[in-house]
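>>> Structure, please.
(chains A and B)
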Amino acid sequence: AQSVTQLDSQVPVFEEAPVELRCNYSSSVSVYLFWYVQYPNQGLQLLLKYLSGSTLVKGINGFEAEFNKSQTSFHLRKPSVHISDTAEYFCAVSARSGNTGKLIFGQGTTLQVKP
Amino acid sequence: NAGVTQTPKFQVLKTGQSMTLQCAQDMNHNSMYWYRQDPGMGLRLIYYSASEGTTDKGEVPNGYNVSRLNKREFSLRLESAAPSQTSVYFCASRGGQGAWSGEAFFGQGTRLTVV
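Numbers count the residues shown, from 1 in each chain, chains lettered A, B, ... in the order given. Take a look at the predicted model:
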């Protein structure tokens, strides 16, 4: 079974400052990892995903994430945030093998960008 | 393309009433999912269908039933609504069987209130 823990429920940050949103996962098998963003009153959309290869993954809107297998982490970073990045961010995990297709999300982190 | 379409967008039920949430996707995806989103709890998987003809319980299945009507449609039924089922419900679909690296596409959500 897979599980995801997002370590911060809210992250306040000033505009143009860097930010890191933390995600740890647990799984007995190899996994795929995802970050999604949800803007107010909308559904979720994909920011980036880790499948294999380079542990540093680049996504949309200047976000990137680093996969760390030994620490079972997949933290999301942005070097300089904008007001428009204010949203809720979700980390998710899916097993690589098997036929279940289960996709599990974390509790979410609200990023509040202040002017 | 419409993507993932959920109906209705809003619903108010009295305790004990039943209702069905409808979801349809036009991306020829094999897998479909129902989640509920509650403040501080993130997205929790209710049921999913890895392929047409199969359904499986997720993290919080109690009080719900699902039907994978065909490849396009996946409905969620509340037989006897309870106030604890007040939530925002999201339907999602993704990839093909065995393609668990795929991006999930989400509907716009159904805001359900049980009084």
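>>> drop to CA atoms for contacts and neighbour counts, all remaining ones
Noted.
>>> Now A:Ala87: closest residue in space that isn't a chain neighbour?
Of all residues not flanking A:Ala87 in the chain, A:Tyr39 sits nearest, at 4.9 Å (C-alpha to C-alpha, 6 or more residues apart in numbering or on different chains).
>>> Was I right to think that neighbour contacts A:Glu88?
Yes - using C-alpha atoms under 8 Å, A:Tyr39 is in contact with A:Glu88, at 6.5 Å.
>>> okay, the two: which has more neighbours?
Using other C-alpha atoms under 10 Å in any protein chain shown, the more surrounded residue of A:Tyr39 and A:Glu88 is A:Glu88, with 21 against 14.
>>> who touches whichever residue of chain B sits closest to chain A in this structure?
At 3.7 Å from chain A, B:Gly42 is the closest residue in chain B, using C-alpha to the nearest C-alpha. Shown in contact with B:Gly42 (C-alpha atoms under 8 Å, 6 or more residues apart in numbering or on different chains): A:Phe90, A:Phe105, A:Gly106, A:Gln107, A:Gly108.
>>> Strands of the chain, start to end?
In the absence of a named chain, chain A is used. For chain A, strands defined by DSSP state E occupy the ranges A:3-6, A:10-14, A:19-21, A:23-26, A:31-38, A:44-50, A:56-58, A:64-68, A:73-78, A:87-95, A:103-105, A:109-114.
>>> if you could check chain B rather than the one you did, that'd help
For chain B, strands defined by DSSP E occupy the ranges B:4-7, B:10-13, B:19-25, B:31-38, B:42-49, B:56-57, B:64-68, B:74-78, B:87-94, B:104-106, B:110-114.
>>> Give me the helices and strands touching the shortest one, please.
Contact analysis of strand B:56-57 by 3 or more C-alpha pairs under 8 Å, 6 or more residues apart in numbering or on different chains; DSSP states H and E lists strand B:42-49 as its packing neighbours.
>>> redo that, cut-off 10 Å
strand B:42-49, strand B:64-68 (3 or more C-alpha pairs under 10 Å, 6 or more residues apart in numbering or on different chains; DSSP states H and E).
>>> Okay, now the unreliable bits of chain B?
For chain B, applying pLDDT under 70 flags the ranges B:1, B:96-100.
>>> what do you get if the cut-off is 80, keeping everything else the same?
B:1-2, B:96-101 (pLDDT under 80).
>>> Centroid-nearest residue for it?
By C-alpha atoms, centre = their mean, the mean C-alpha position of chain B lies nearest to B:Trp34, the distance being 2.6 Å.
>>> Quick check: that residue vs A:Thr110, distance?
22 Å (C-alpha to C-alpha, to the nearest Å).
>>> Many thanks, have a good one.
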